[in-house]
Structure formats: C-alpha cells, structure tokens
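K.L.:
everything below, folded, please.
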Amino acid sequence: MGMVTADEFRLNWDKFLEKIRKGAVFVYPTDTIYGIGCNALDESAVKQLRAVKKRKDNPFSVVVPSKKWVYDNCDVTAEAVKWVEKLPGPYTLVLKMSREGVIPKEVNCGLGTLGVRIPKHWFSKVASDLNIPIISTSANIAGEQPMTSIDDLDERIKVDFVVYEGEKKGQPSSIIDLTEKKERITKRQRLSRL
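P.N.:
Below is the predicted model:
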C-alpha cells in the first residue's frame, strides 16, 4: 500500500485514473471524511472492497460523474430535484434507479435504489473524468471509527494506494432518502473517541 499526497495524485492524474479504471481499491479524501472506493462498475473490485471493509450485505453509495448521470439513471422526483441541484455538497441522496443494469448488484445489493454523492471537493473530478461512478464509503472497518487522518487508518485495511491531504474535521455526509413521498434526513456523526 502506497501513500501519495493530493499533489502527487494530481501530478500523475492519468496514471492514477488508469489504476482506478482497472480495479484499484483506494482511500481518498472528500469534503467530509476519508472514503474508500473503487470503480463501481468493476464487480471484482467491489467484491474486494467488501472484503476489506468486512461489509457483506449493506449497499454502498457512489460518487457520480455528474448531475446528468443522476438524471439519466435515477428516478428524480420534483422533491428530489431540489436536492440534486444542491450538489455538490455533504449529502448522500438515496434515489430509486430508473434503469436496470447501470450498477452491478454487488454495489447496491440489487435493491433498486442507490446512494449518490458529488462531494464539494477536487476528488469529484476523478469520477467526472473517468465518466464512471466510484464507490463512496467511509474508510474504516464496518461499524468502526471512520478515518479523518492517517493516524486513524485501520491497519487491517489493505488497499492499492491512499491519497492523503491532511486531517479532515468533517462529519460523514447526511443521508437524504428520497425513495418515498416524504424525504427522510439522517445526519450522521463520527463516533466519539474513547
């Protein structure tokens, strides 16, 4: 596992995008906390990420390439439009999928819904430039403290590379469930340290 700074990642942009396209599992910064991800269209990489996180059957969210991707692939109601237009930001919007086969079932467990994000952060350009969704889940073993600095990275998390840009002071993104008539908002917080 190699650690690279955000500047090193940017200097070697094409090389890292190719690694992601080919199935690398990696830790990356967002506008909130550190995430762990991979190419969401690569079933093998998604299975590997599930093993790393020890998360068998909960759905993953994705960083999407654009708002257009959301409108093209999700059922965006009038209520949901308000939230989609707030992106980028610290939100994960849970929407019904409008088309089958856009995302492998390993990502959303075949639920017919998907959590979508566009972080207000330079990393969003990775998904945009690749024009593919990237898995977006906190960089931790399921149920444990998420990573906010390199000191928090659980040694059991084995990835191809870590993109590090210093300590994050944010909370995990708020989940906005837009799959029913009335939206449900869940504000998540980091676990308190013992």
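K.L.:
and for the closest residue to Glu167 other than its chain neighbours, the neighbour number?
P.N.:
Distances taken as CB to CB, 6 or more residues apart in numbering place Ser149 nearest to Glu167, at 4.1 Å, with adjacent residues excluded. No exception for glycine: its C-beta is placed from N, CA and C like everyone else's. Ser149 is flanked by 13 other residues according to other CB atoms under 10 Å.
K.L.:
residue contacts, Ser149?
P.N.:
Applying CB atoms under 8 Å, 6 or more residues apart in numbering to Ser149 gives the contacts 166-168.
K.L.:
out of the residues you listed, grab the one that's most surrounded.
P.N.:
The most neighbours of any of those, using other CB under 10 Å, belong to Lys168, which has 18 neighbours.
K.L.:
is it true that that residue touches Ile33?
P.N.:
Yes. The criterion here is CB atoms under 8 Å, and Lys168 meets it with Ile33 at 5.0 Å.
K.L.:
what's the overlap in contacts for the two?
P.N.:
Residues touching both Lys168 and Ile33 (CB under 8 Å, 6+ apart) are 147-148.
K.L.:
CA atoms only: put the longest strand along the chain into PDB for me.
P.N.:
Secondary structure assigned by DSSP state E gives strand 91-97 as the longest strand of the chain. Extracted in PDB, the C-alpha atoms of strand 91-97 (Å, rounded to 0.1, in the frame of the first residue of the first chain):
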ATOM      1  CA  TYR A  91     -25.100  14.900   1.100                       C
ATOM      2  CA  THR A  92     -25.800  11.300   0.000                       C
ATOM      3  CA  LEU A  93     -29.100  11.200  -1.900                       C
ATOM      4  CA  VAL A  94     -30.800   7.800  -1.900                       C
ATOM      5  CA  LEU A  95     -32.900   7.500  -5.100                       C
ATOM      6  CA  LYS A  96     -34.700   4.800  -6.900                       C
ATOM      7  CA  MET A  97     -32.900   3.600 -10.000                       C
END
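K.L.:
ok so, going back, of the contacts of Ser149, closest to Arg21?
P.N.:
Ranked by distance to Arg21 (CB to CB), those are led by Lys168 at 25.7 Å.
K.L.:
how about the contacts made by the closest one?
P.N.:
Applying CB under 8 Å, 6+ apart to Lys168 gives the contacts 29-30, 32-34, 147-149.
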